[in-house]
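K.L.:
Make a model of this:
(one chain, ligands or ions: 2)
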Amino acid sequence: MTKEPIIQLNHIDVTFHNKGQTVKAVQDVSLEVARGDIYGVVGYSGAGKSTLVRVINRLQRPTAGTVTVNGQNILALRSSELRAARKKIGMIFQHFNLMNARTIADNVDYPLKGSGLSRKERHDKVARLLDLVGLSEKAQDYPAQLSGGQKQRVAIARALANDPEILISDEATSALDPKTTSAILELLKRLNKELGLTVVLITHEMDAVKEICNKVAVMEDGAIIERGDLVSIFSNPQKPLTRDFINTATQIDQALEKIYKQAKGLGLDDHHQLVQLKYVGASTDAPLITELFKRYQVVSNILYGNVEILQDTPLGNLVVVMAGEPDQLEQAWQYCRDAGIQLTFLKPKDPEVA
Ligand SMILES: Nc1ncnc2c1ncn2[C@@H]1O[C@H](COP(=O)(O)OP(=O)(O)O)[C@@H](O)[C@H]1O
Ligand SMILES: [Mg+2]
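P.N.:
Ligands and ions are numbered 1, 2, ... in the order given. Prediction:
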């Protein structure tokens, strides 16, 4: 028996009517998030990501569809029940939304008002939360004294105050530099592991998804166009938009651009083919290239190589010029395919070299 998903969105539509304009922000989206997932939702600005996740805690009521969180029908809850349900769903945002006139400790304490905890219990809890995010020393500081990354840590501590089971991160790293982004993502991953927190990570950067998510959905024009576990999406994307996101994240776009610029110098012809090799799992490039030479006298000149480790699975990407006799090349490619390697024959776009 499969475990019931912690979040279940069924056939969600969200339609806005604004000054005679109709915007279908979310169209027939169904999404299941399992307990313990770090589920990435990636898409460009305006794709409908924020609207979709706001449906989870009914900050946005859908025009159609059903929402089940933790077994509860969210759309049927009365306001007191909804308040209780929302406490179990933390949220963090791009702009932190801290109260600037209050200390860090007071910011984290704020959601505990009305929790029934004593002053002492609240004080201890705030201390624990600040320790959890590595900010114990900053308790009496004010938000203005903190860096962006530290502010986001405060926002995370505050979001965790009521011991939520779900944390929704809506572009929480989008205002941060790459190093700080990685540190925040690492923190989310640690919270996922240590607290069993389910995370929904909204972002326009596949890089962020790549670092910590186990599942990913790609959104475009209000719809989910592709979804799956991280490794299969990265190793075998179906939609052009998904490929775009991945190529940007793995920096292969920039590499190919450079390679295409040099294409003339590569002397491509029947005996020299520009090939991209993609492989998942343990196979490594060095033995393969040796093997291709030993078996078929095919020489592979590596122009670009990258290995991503996704969910502990290596995902390799090589761009090589393979040189050899045409029939030997054919056999070498077949050997690669038999070894589970995906081949793409790259054709430089410049007509002079094509
Ligand atoms: N409250 C609203 N009223 C009218 N249109 C909205 C509202 N919120 C979002 N939209 C529109 O819905 C679409 C999706 O927006 P949003 O969910 O914010 O996308 P994303 O988070 O992916 O950038 C956009 O076209 C946006 O302008
Ligand atoms: Mg948004």
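K.L.:
helix or strand right after the helix or strand harbouring Val41?
P.N.:
Val41 is part of strand 38-42, with elements assigned from DSSP states H and E. Sequence-wise, the next helix or strand downstream of strand 38-42 (DSSP H and E) is helix 49-56.
K.L.:
how about the CA coordinates for whatever helix or strand comes next after that following helix, as PDB?
P.N.:
Per DSSP H and E, the first helix or strand lying C-terminal to helix 49-56 is strand 64-69. The C-alpha trace of strand 64-69 is given here as PDB (Å, rounded to 0.1, in the frame of the first residue of the first chain):
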ATOM      1  CA  ALA A  64     -12.000  24.600  -9.000                       C
ATOM      2  CA  GLY A  65     -10.400  21.500  -7.600                       C
ATOM      3  CA  THR A  66      -9.800  19.900  -4.300                       C
ATOM      4  CA  VAL A  67      -7.000  20.400  -1.700                       C
ATOM      5  CA  THR A  68      -6.100  17.800   0.900                       C
ATOM      6  CA  VAL A  69      -3.300  18.400   3.300                       C
END
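K.L.:
ok, how many other residues are close to Pro208?
P.N.:
In this structure residue 208 is Ala, not Pro. Using other Cβ atoms under 10 Å, Ala208 is surrounded by 25 other residues. For every residue, glycine as well, the C-beta is placed using N, CA and C.
K.L.:
mean confidence for the helix or strand that it is a member of?
P.N.:
Using DSSP H and E, Ala208 sits in helix 206-212. Averaged across helix 206-212, the pLDDT comes to 93.
K.L.:
Adjacent strands (with direction) for the following helix or strand past that helix?
P.N.:
Following helix 206-212 in sequence order, the next helix or strand is strand 215-220 (DSSP H and E). Note on strand 215-220: by DSSP bridges, its sheet partners are strand 38-42 (parallel), strand 223-229 (antiparallel).
K.L.:
Could you tell me which residues within the very next helix or strand once past the last one count as buried?
P.N.:
Pointing back at strand 223-229 there. The first helix or strand that comes after strand 223-229 along the chain, using DSSP H and E, is helix 230-235. For helix 230-235, the buried set under the neighbour-count rule, 16 or more other Cβ atoms under 10 Å, comprises Leu230, Val231, Ile233, Phe234, Ser235.
K.L.:
And those residues, which is closest to Asn100?
P.N.:
Lowest distance from Asn100 to the buried residues of helix 230-235 (Cβ to Cβ) belongs to Leu230, with 37.2 Å.
K.L.:
For Ala105, see how far away the nearest residue in space to Lys88 that is not next to it in sequence is.
P.N.:
Spatially, and ignoring its direct neighbours in sequence, Lys88 is nearest to Pro164 (4.9 Å; Cβ to Cβ, 6 or more residues apart in numbering). Between Pro164 and Ala105 the computed distance is 20 Å (Cβ to Cβ, to the nearest Å).
K.L.:
So which residues on the stretch 1-150 of the chain come close to ligand 1?
P.N.:
By Cβ under 6 Å from any ligand atom, the residues of the stretch 1-150 of the chain that approach ligand 1 are Phe16, Asn18, Val23, Ala25, Gly43, Ser45, Gly46, Ala47, Gly48, Lys49, Ser50, Thr51.
K.L.:
In PyMOL, how would I select the buried members of these?
P.N.:
Selection command for PyMOL covering only the buried members of these, criterion 16+ other Cβ under 10 Å:
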select buried, resi 25+43+47+48+49+50+51
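K.L.:
can you put the residues of the stretch 1-150 of the chain next to ligand 1 in CSV and add distance to Leu160?
P.N.:
Output for those, formatted as CSV (distance: Cβ to Cβ, whole Å):
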residue, distance to Leu160
Phe16, 31
Asn18, 35
Val23, 33
Ala25, 29
Gly43, 26
Ser45, 28
Gly46, 30
Ala47, 28
Gly48, 27
Lys49, 22
Ser50, 21
Thr51, 24
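K.L.:
would you list the residues of the stretch 1-150 of the chain next to ligand 1 in a markdown table and tack on pLDDT?
P.N.:
Formatted as a markdown table, these follow (pLDDT from 0 to 100):
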| residue | pLDDT |
| --- | --- |
| Phe16 | 96 |
| Asn18 | 87 |
| Val23 | 95 |
| Ala25 | 97 |
| Gly43 | 97 |
| Ser45 | 96 |
| Gly46 | 96 |
| Ala47 | 97 |
| Gly48 | 98 |
| Lys49 | 98 |
| Ser50 | 97 |
| Thr51 | 98 |
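K.L.:
circling back to that earlier point, and the helix holding Ala208, what does it pack onto?
P.N.:
Secondary-structure packing of helix 206-212 (3 or more Cβ pairs under 8 Å, 6 or more residues apart in numbering; DSSP states H and E): strand 38-42, helix 178-195, strand 198-203, helix 230-235, helix 240-249.
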